[in-house]
Structure formats: C-alpha cells, structure tokens
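Novice: sequence and predicted structure, then a few things I'm wondering about:
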Amino acid sequence: DAGVTQSPTHLIKTRGQQVTLRCSPKSGHDTVSWYQQALGQGPQFIFQYYEEEERQRGNFPDRFSGHQFPNYSSELNVNALLLGDSALYLCASSFGEGGYEQYFGPGTRLTVT
Amino acid sequence: GQQLNQSPQSMFIQEGEDVSMNCTSSSIFNTWLWYKQDPGEGPVLLIALYKAGELTSNGRLTAQFGITRKDSFLNISASIPSDVGIYFCAPRGSGNTGKLIFGQGTTLQVKP
C-alpha cells in the first residue's frame, strides 16, 4: 500500500524565485492538505484541497497557492520566495472533505538563500 | 486564535519507565489526534480520538479525549529506545474543517 509521497526531497532556492512542490496521496485518499513546519515548531496549516478546489486556507499570504489534479495529486506553489519561507513542507492526505485522519508524507526541505 | 499548550516541552527518561504528556486549550475540539515525528521525517499518526471521554490504546500507547473537549493526554508505558522522537497533539475543530492545529511538541529522549 503506497503511502504519501512528496518530491523533491530537498530544494535550495534564491530569494525572489518561485518553487513548486508535489504530493501524491495515499492510495484511496482524495483530500490533500499542506503544512509548513519551521525548525523547532509544530506544523502550520496552509490549505486543503478536495475535489480539485481549495476548501480551506490557513493564515498564509497569496504567494502560497496550490492545485489538485483529477488523480488527487497536488502541487504547492510559492512565489517571490523570502528567507522566512525556509521550512519543511509537509503534505497530508485523507479521505473525504474535512479529512479526519491525516497521513503525512516525508516532506520537502526548502532552503531559501 | 486557537492556542494549544503542550507539556512537558521535553522529557529525558530511563528505558522501561512510563511517560505521560498532555495538551490543553481554551477552545473546544471535536477530534484529537496524536502524532510522533522523527528528525527529518513527516509525522506518523499514532492515535485518533473522536468522543469526549474516549480512551483508546495502540499497543503501549494510551490516549484520552478530555470530558471538557479542551484537553487530551497521551501515555506511553514501558518506554523503549525507539520511542525517542517528538510527540504532537493535533486537535481538529467542528464542522468540515480539515485544519489540524499542532502543539509545540514534547521531545522524548530515552536512556537505555
């Protein structure tokens, strides 16, 4: 049973650049949520996608956007990168709108220099 | 906003000891989840609680959903070295919200 997968594993970008992170949900799941985890902190909710629509959004600026594809996979895009965007970006998948039990992928470590 | 207090922040215990950690909030939640995260990896779901007062076990782990719906605790019995990691509580609000709110985490270290 394939779990949640994310790519790439690590990424280094320069301030002002744009980045796209990818996520494939666990088999049987249709909902994808994205979280940002700064060093030493708990994950912070960015947004959740269900039926190819953004259903909920956390307290993140419009520079953070996403997409969900018909096969339920998802992308997180961040524009105009800031140094403070350096973090571990986690994708979590679940079944159904709202996503009761969320299963996390290994994350993408983004470093902005 | 919703605030979570997770305690203790860190614990250093001897192998074989029991461990207890908890989360409290001023807000009411409908679901409490507990996760464990190893360095450089994503959180792993340990236990999910859905009803106030519910007590659920998963092997050596036991968690309870507080009666007031504002708190939850996690116990680990007879700790072993592989229990080392960061434990997070992650409650979820009412309705169809998919947003999990994570505590600051409890870092557990186990001395063999």
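Specialist: The structure has been received and is ready for your questions.
Novice: quick one: contacts for B:Asn30?
Specialist: Counting by C-beta atoms under 8 Å, 6 or more residues apart in numbering or on different chains, B:Asn30 touches B:Tyr50, B:Arg69, B:Arg92, B:Gly93, B:Ser94. C-beta here means a position set from N, CA and C on the backbone, and glycine is covered the same way.
Novice: hang on, isn't A:Phe64 packed against A:Glu54?
Specialist: No: contact criterion C-beta atoms under 8 Å: A:Phe64 and A:Glu54 do not qualify, at 10.4 Å.
Novice: for B:Asp18, give me its contacts.
Specialist: B:Asn75, B:Ile76, B:Ser77, B:Ala78, B:Ser79.
Novice: follow-up on the earlier one: can you tell me which of the contacts of B:Asn30 is nearest A:Phe104?
Specialist: A:Phe104 has its nearest neighbour among the contacts of B:Asn30 in B:Arg92, at 14.5 Å by C-beta to C-beta.
Novice: can you tell me, leaving aside adjacent residues, what's nearest to that closest one?
Specialist: The shortest distance from B:Arg92 to any non-neighbouring residue, by C-beta to C-beta, 6 or more residues apart in numbering or on different chains, is to B:Thr31 (4.1 Å).
Novice: what's the answer for A:His67, then?
Specialist: A:Glu75 (4.9 Å).
Novice: which neighbours in the sheet does the helix or strand harbouring the one you found have, and how are they oriented?
Specialist: For A:Glu75, the host element (DSSP states H and E) is strand A:74-78. Strand pairing for strand A:74-78, using DSSP bridges, gives strand A:19-24 (antiparallel), strand A:64-68 (antiparallel).
Novice: state the distance from whichever residue of chain B sits closest to chain A to A:Val19.
Specialist: Per C-beta to the nearest C-beta, B:Phe102 is where chain B lies closest to chain A, at 3.1 Å. Relative to A:Val19, B:Phe102 is positioned 23 Å away (C-beta to C-beta, to the nearest Å).
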